[in-house]
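> Okay, structure incoming, though there's no sequence with it:
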């Protein structure tokens, strides 16, 4: 054991032997940061025994790291009962992972309303939207955006664009693009819709450079459309098609598995059936419905 490790071990022994709850929590947090969750749990439980009920929050976090979600939920509930409102959000996350969506939504709502955590409204909005309650989801997301939560404002702008296709949302999407690749992609969509394709391309290229992986797929689509439109009677522009292919492959490298489908379609049109099959299968395996349907269509004659 190195010197810092020995020092922390001595602090652990002293903390467990004493009654300094602040030291117990500090040592527990240091241990948790190093992945020593079981020892951290000893510190946090000792602090609870000594009367610091709010530390049930730390107990819950540690139990969750130890993959003991049922116990973590109970710990978070005790923390909430002790007035530790920050525990509502983590309680919601753990309940959602356990499949208890009703209680998860209640916890998320409390996180936003009682805990003053706008992230709670965001998570609640996402669950509401999954259940088809889009109007309520949007209203809930707006509450988070009103708290000055940039990711919520970005997501809200994207949802509104998806619902209305209203060009008046341009300024909202521009403001959101800095924090959301989806919002930047939506901004590019708006720009292209209003006849500003070069600006749309510039936005997507900027997003790609900034590491917003959501920009690669629409960039590839835009490049491919332009290549086909500019190819004249001789077909698509080969350089434009190559640029689109590069964009799709960059998207895959960045982790956007939806690029498999679009790349496969491009390869298929070139006659590269084997390459297309590989990407359709990869996309289908990743759960992309478009890739699944395209794979089935490609092999329909074999049935």
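Received it, and whenever you're ready, just let me know what you need. Bear in mind the structure is a predicted one, so any value in this text is a computation, not a measurement. Numbering: from 1, shown residues only.

> how about the nearest residue to residue 107 once chain neighbours are set aside, what does it touch?
Closest residue in space to residue 107, ignoring its immediate chain neighbours: residue 92 at 3.5 Å, by CB to CB, 6 or more residues apart in numbering. Using the backbone N, CA and C atoms, a C-beta is placed for each residue, glycine as well. Residues near residue 92 by CB atoms under 8 Å, 6 or more residues apart in numbering: 104-105, 107-108, 111, 120, 123-124.

> so where does residue 92 fall, helix or strand?
Using DSSP states H and E, residue 92 sits within helix 87-97.

> Burial check on residue 4, number of neighbours?
Counted with other CB atoms under 10 Å, residues neighbouring residue 4 total 10.

> swap in the one 5 residues further on?
Here the number of neighbours of residue 9 (other CB under 10 Å) works out to 14.

> How about residue 300?
Neighbours of residue 300 (other CB under 10 Å): 8.

> Just the pLDDT for it.
Residue 300 is assigned a predicted lDDT (pLDDT) of 81.

> Highest neighbour count among the contacts of residue 92?
residue 108 (30 neighbours).

> List the single closest residue to residue 53 in space, sequence neighbours excluded.
Residue 53 sits nearest to residue 82 (CB to CB, 6+ apart), 3.6 Å away.

> typo on my end, it should be residue 59
Per CB to CB, 6+ apart, closest to residue 59 is residue 75, 4.3 Å.

> got the angle for the helix or strand containing that neighbour vs helix 87-97?
Using DSSP H and E, residue 75 sits within helix 69-81. If you take axes from the mean of the first three to the mean of the last three CA atoms, to 10 degrees, helix 69-81 sits at 150 degrees to helix 87-97.

> Go through helix 69-81 and flag the buried ones.
Neighbour counts over helix 69-81 (16 or more other CB atoms under 10 Å) mark 69, 72-80 as buried.

> That one packs against which elements?
helix 56-65, helix 87-97 (3 or more CB pairs under 8 Å, 6 or more residues apart in numbering; DSSP states H and E).

> what's the following helix or strand after the helix or strand harbouring residue 182?
Applying DSSP H and E as the criterion places residue 182 in helix 181-193. Going down the chain from helix 181-193, the next helix or strand is helix 197-209, by DSSP H and E.

> got the buried residues for that next one?
Buried residues in helix 197-209, counted by 16+ other CB under 10 Å: 197, 200-201, 203-205, 207-208.

> Among those residues, which one lies nearest to residue 141?
residue 207 (21.8 Å; CB to CB).

> isn't the closest one right up against residue 176?
No - applying CB atoms under 8 Å, one finds residue 207 not in contact with residue 176, separated by 11.7 Å.

> residues shared between the contacts of those two?
Contact criterion CB under 8 Å, 6+ apart; residues shared by residue 207 and residue 176: residue 184.

> Poorly predicted segments of the protein, please.
1-3, 231-235, 301-303 (pLDDT under 70).
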